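Visitor: sequence? don't have it. structure:
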């Protein structure tokens, strides 16, 4: 029996012994008080090494940001990720994205042969021509995979799916007009087969969002009111008796620390649901096209997430702390800045400012592989403790666990075990101290007197939520990490509890073949969630479980 299955069995036995004393505590937790782990560019696979090598200095600078590979979406969900992000490009006729000018510049065939590129429908990729490798070429493939996983795990916490629709010239926007002209010259002189120019993504119109809505409906069956699994703006408006075009900010923005009842549907009713969020910038052509298609999001299957400083109507979700740590000296090298820790303080301030206004915030624990290369965990630990509802990373599994999943000819940026995981190692984590009432302050501030509560650990059918205390592990303070300020002093660690049965391999939440990030014993190896550790043995897990369960309360939804 695998270690995680052994612990799952122990957890269930303990829960059975306390069943009569269990309280429906999870019903008291508001959606805005839930923290989940998210992956950034969830579809992404690192470009071919040959392509990166063809660009000389760029390959040791800006293109380093692309050297990461995400596991398949199903493995991410198995591992407890509950927020995904996809970049999508409108391609109503098909054939627009079946090329890589970068490959042709590198002397390789620049035509992409996968048949999906010829089909109509949104395509999923990062940067056309250069960073195009993806887990699912068609958006419909990604959506169908998420739906299948959801149907197989109906007790999961709500999956938050972020979609960033991209339009306009991407290569020039990324590289600058001057460098784009140089690359066009290299493309013109290449003797290899392939395209004669770079992809020009289509400009956004209301029809783009009508087409996107059709794909969402086909995969998820539409809104909850219509029998689908999407929780939509109109679903929530109807639940509170508001008009179809009512201001969502008036309904749902509850400032952190404010009193009052939770404005969201109960968390138990949101299990098994999917929330789609369109990443948008106020004042953009995309925001204007969406407003034309679905004024005030009336009838829309998707929400909007505000990015940038300009206000965005109807946005109750917001991105903060999503920028790279950089200064003038590291803008090109992608090395860790000397004042990285001070920069992290500014990022945390941005998260706290947004949550203070009532937004549900998505923040990034690492950006462009900088933290993973340097072994710098200060940002990760600070974002986990900041009160952000979604903590996103390029490393939801340790880099070494992803190595077997790499496509031929690619490489990982980080050879270490850098990764990000929620304290407690479960799919969800409370953003308020255990036992406090809904509407309290955000941010985890539990003390050693708190108890561990694992909501929904009922026979493997529901995701569990960690609502226990955080501990500072003094043994990590002196270890440090490579780089200017890479130490883990003050990093916080949860008690050594592995995933509840809901997400253990061999149960409803996982497969025996799926690599599972797990909290465990300290070691000088991996670094994840503020703890350096190796995978625990069955004996150590059993001992840890016995010690933890003596002070634990098992609560079921």
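Guide: Here it is on my side, so go on. Keep in mind the model is a prediction, meaning the values are calculated, not measured. Numbers count the residues shown, from 1 in each chain.

Visitor: can you give me the strands for the stretch 101-250 of the chain?
Guide: Per DSSP state E, counting those that start in this stretch, the stretch 101-250 of the chain carries strands over the ranges 123-124, 159-166.

Visitor: what packs against the first one?
Guide: Right, strand 123-124. Other helices and strands packing on strand 123-124, by 3 or more Cβ pairs under 8 Å, 6 or more residues apart in numbering; DSSP states H and E, are strand 83-89, helix 139-152. Every residue, glycine included, has its C-beta placed from N, CA and C.

Visitor: pLDDT below threshold where in the chain?
Guide: 1-27, 57, 59-60, 171-172, 255-260, 399-416, 433-460, 469-557 (pLDDT under 70).

Visitor: Now the element after the longest helix anywhere in it, going C-ward?
Guide: Determined from DSSP state H, the single longest helix within the chain is helix 340-356. Next along the chain after helix 340-356, taking DSSP states H and E as the criterion, comes strand 360-364.

Visitor: Which strands or helices does that next one pack on?
Guide: Partner elements for strand 360-364 (3+ Cβ pairs under 8 Å, 6+ apart): strand 317-319, helix 340-356, strand 390-393.

Visitor: Rebuild these as CSV, extending it with distance to residue 68 and mean neighbour count.
Guide: Putting the helices and strands packed on strand 360-364 into CSV (distance: least, Cβ to Cβ, whole Å; neighbours: other Cβ atoms under 10 Å) gives the following:
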stretch, distance to residue 68, mean neighbour count
strand 317-319, 19, 26
helix 340-356, 19, 18
strand 390-393, 10, 26
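
Visitor: Pipe those into a markdown table and attach distance to residue 119 per row.
Guide: Below are the helices and strands packed on strand 360-364 laid out as a markdown table (distance: least, Cβ to Cβ, whole Å):
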| stretch | distance to residue 119 |
| --- | --- |
| strand 317-319 | 31 |
| helix 340-356 | 39 |
| strand 390-393 | 29 |
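
Visitor: Out of these, flag the one nearest residue 130.
Guide: Minimum separation from residue 130 across the helices and strands packed on strand 360-364 (Cβ to Cβ) falls at strand 390-393, 22.3 Å.

Visitor: Identify the residues contacting that closest one?
Guide: 35-40, 83, 85, 160, 360-366, 380, 383-384, 419-420, 422 (Cβ atoms under 8 Å, 6 or more residues apart in numbering).

Visitor: Going through those, which ones are buried?
Guide: Buried subset of the contacts of strand 390-393 (neighbour count, 16 or more other Cβ atoms under 10 Å): 35-40, 83, 85, 160, 360-366, 380, 383-384, 419-420, 422.

Visitor: Okay, residue 300 and residue 201: tell me how far apart.
Guide: According to Cβ to Cβ, to the nearest Å, residue 300 and residue 201 sit 22 Å apart.

Visitor: The two: who's more crowded?
Guide: Shown here are residue 300 and residue 201; by other Cβ atoms under 10 Å, residue 300 has more neighbours (23 against 19).

Visitor: For the residue nearest to the more buried one when sequence neighbours are not counted, give its distance to residue 279.
Guide: Sequence neighbours aside, residue 294 is the residue nearest to residue 300 in space, at 3.9 Å (criterion: Cβ to Cβ, 6 or more residues apart in numbering). Relative to residue 279, residue 294 is positioned 16 Å away (Cβ to Cβ).

Visitor: Residue 242 too?
Guide: Residue 242 is 25 Å from residue 279, by Cβ to Cβ.

Visitor: still on that earlier bit, tell me which of the helices and strands packed on strand 123-124 sits most buried.
Guide: Across those, averaging neighbours per residue (mean count of other Cβ atoms under 10 Å) puts strand 83-89 on top, at a mean of 24.

Visitor: Excluding its own residues, what touches that one? List them.
Guide: Under Cβ under 8 Å, 6+ apart, the answer for strand 83-89 is 36-43, 73, 76, 96-97, 122-126, 128, 139, 142, 146, 159-167, 201-202, 212, 279, 362, 390, 392.

Visitor: again, but for stretch 97-111
Guide: For stretch 97-111, contacts defined as Cβ under 8 Å, 6+ apart pick out 47-48, 50-51, 53-55, 89, 91, 112-114, 117-118, 123, 125, 128-130, 132, 171, 183, 186-187, 190-195, 197-199.

Visitor: from memory residue 273 sits against residue 161, does it?
Guide: No - here residue 273 does not reach residue 161: they are 10.8 Å apart, not a contact under Cβ atoms under 8 Å.

Visitor: Not counting sequence-adjacent ones, nearest residue to residue 315?
Guide: Among residues not flanking residue 315 along the chain, residue 306 sits closest, at 3.9 Å (Cβ to Cβ, 6+ apart).

Visitor: any idea which helix or strand carries that neighbour?
Guide: strand 302-307.

Visitor: same for that strand, what does it pack against?
Guide: Strand 302-307 packs on helix 206-220, strand 274-281, strand 317-319, going by 3+ Cβ pairs under 8 Å, 6+ apart.

Visitor: between those, which gets nearest to residue 153?
Guide: It is, among those and with distance given as Cβ to Cβ, strand 274-281, at 11.9 Å.

Visitor: between the closest one and helix 139-152, how many degrees?
Guide: Here strand 274-281 runs at an angle of 140 degrees relative to helix 139-152 (axes from the mean of the first three to the mean of the last three Cα atoms, to 10 degrees).

Visitor: relative to strand 159-166, how tilted is strand 274-281?
Guide: With the same axes, to 10 degrees defining the directions, strand 274-281 sits at 30 degrees from strand 159-166.

Visitor: Can you tell me what sits against strand 274-281?
Guide: 85, 146, 150, 158-165, 216, 220, 229-231, 286-287, 290, 301-308, 310, 312, 315, 317, 319.

Visitor: Buried among those? Make that a ChimeraX selection.
Guide: Provided next is the ChimeraX selection string for whichever of these are buried by 16+ other Cβ under 10 Å:
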select :85,146,150,158,159,160,161,162,163,164,165,216,220,229,230,231,286,287,290,301,302,303,304,305,306,307,312,315,317,319
